[in-house]
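Visitor: next input, structure requested:
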Amino acid sequence: MVHLGPLCHKTITHSLTHSTSSAAQSKFKKHSQNAKKQRLPTNGSWLKNQRQPKKLAFWQNGEPTKTFHSIDLAICSPSIYPFFDLAIDNSLHNSDHFPLTLSDNRNNHFDSNRPERYVFAAANWTKFARLAAITTNMIENSSIDEAVYAITKIMNDAANAAIPKAHNSGRKQNKPWWNQDCQMALNRQDKAWSIFRRYPTTSNLTAFKMARAEFRRIRRRSERASWINYVSTITYSTSSYKLWQKVKAYGASISNSISVLHVNGQTISSPKNIANSI
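Guide: Reported below is the predicted structural model:
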């Protein structure tokens, strides 16, 4: 996604011409210090006179991205326009504007998950040996490919039946500093935000800003206290094994990167191929 700032006609036209295969969002400001000589029309009517009107598509739907303000243009190429939906989040998420969400509306979404792992400590090896019975008849009267396929299938079926697998759900990010005070402060902030959205008055805006500042203050205080308590449990006599256990429990080693991707029935594990597929 290409983000365009308050630019002049020539610069924006050049950017659109060289980014027809990607999405572009442009927030054109009427009173920009960088575009005093060439101010852009806020309605985007100047694009009608461009040479390549058929190579542009607009996600514009008029949803507000801030109080009394909207994005003037949300531009993309027609080749990807049918596959994505632009939406505005209803919550600020401690930002100064409503976040924009670009979602893929196609049915063939990428299925990303972690590789399945067998729990060998809980395996039933007696059952595995009974099911993984390989005979000479599988090899004598078969080609090499057929024999390899038959043996592989028997081994996989036996492993799936006798060896349990670890749950393949994504690990939830650990937040040891989150407590009841944080939750109550967040609820007060959401309540103030809901009131301000329905009744956008100055007093309600002030109440929302105060609730948001209070939530930030309580969250930082909780994070600081949690970190102090965590560090105080590590002493000179703590073994390296327990130290790494504490590090993992605090969530410092969690990685949310995609390691395996399933696309059109094929499993992709190479980082380069995963990037190309996405």
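
Visitor: in the protein, which spans are strands?
Guide: For the chain, the strands defined by DSSP state E occupy 2-4, 24-26, 57-58, 64-66, 69-70, 73-76, 84-88, 100-104, 111-113, 260-263, 266-268.

Visitor: let me know the average pLDDT across the second one.
Guide: Averaged across strand 24-26, pLDDT comes to 48.

Visitor: low-confidence stretches in the chain?
Guide: Across the chain, the ranges flagged by pLDDT under 70 are 1-73, 94, 96, 107-115, 167-174, 251-258.

Visitor: could you pick out the longest helix of it?
Guide: helix 202-232 (DSSP state H).

Visitor: packing partners of that one?
Guide: Contacts defined by 3 or more CB pairs under 8 Å, 6 or more residues apart in numbering; DSSP states H and E place helix 202-232 against helix 180-198. Just so you know, the C-beta spots here come from the backbone N, C-alpha and C atoms, and that holds for glycine as well.

Visitor: what's the angle between the helix it packs on and helix 202-232?
Guide: Relative orientation of helix 180-198 versus helix 202-232 (axes from the mean of the first three to the mean of the last three CA atoms, to 10 degrees): 160 degrees.

Visitor: per-domain residue ranges of the chain.
Guide: With domains defined by the TED database, the chain comprises 71-109, 117-166, 173-233, 239-277.

Visitor: now render these as a markdown table, adding mean neighbour count.
Guide: As requested, the domains of the chain are arranged in a markdown table below (neighbours: other CB atoms under 10 Å):
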| stretch | mean neighbour count |
| --- | --- |
| domain 71-109 | 14 |
| domain 117-166 | 12 |
| domain 173-233 | 14 |
| domain 239-277 | 12 |
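
Visitor: and residue 278, how many residues sit next to it?
Guide: Residue 278 has 11 neighbours, counted by other CB atoms under 10 Å.

Visitor: quickly list what the spatially closest residue to residue 84 that is not a sequence neighbour is bridged to.
Guide: Closest residue to residue 84 apart from its sequence neighbours, by CB to CB, 6 or more residues apart in numbering: residue 102 at 5.5 Å. When bridges are taken as DSSP bridges, the partners of residue 102 come out as residue 86.

Visitor: ok, residue 102 to residue 140 distance?
Guide: Shown here: residue 102 relative to residue 140, a distance of 58 Å by CB to CB, to the nearest Å.

Visitor: wait, what's in contact with residue 225?
Guide: For residue 225, the contact set (CB atoms under 8 Å, 6 or more residues apart in numbering) comprises residue 177.

Visitor: tell me the spacing between it and residue 235.
Guide: Taken as CB to CB, the span from residue 225 to residue 235 is 19 Å.

Visitor: next one: residue 75
Guide: 58 Å.

Visitor: ok, the closest residue to residue 150 other than its chain neighbours - contacts?
Guide: Spatial nearest neighbour of residue 150, excluding adjacent residues (CB to CB, 6+ apart): residue 138 at 4.9 Å. Contact analysis of residue 138 by CB under 8 Å, 6+ apart lists 147, 150, 151.

Visitor: the second one contacts residue 143, correct?
Guide: In other words, residue 150. No - contact criterion CB atoms under 8 Å: residue 150 and residue 143 do not qualify, at 10.5 Å.

Visitor: so residue 128 makes contact with residue 158?
Guide: Yes - between residue 128 and residue 158 there is a contact under CB under 8 Å: 5.2 Å.
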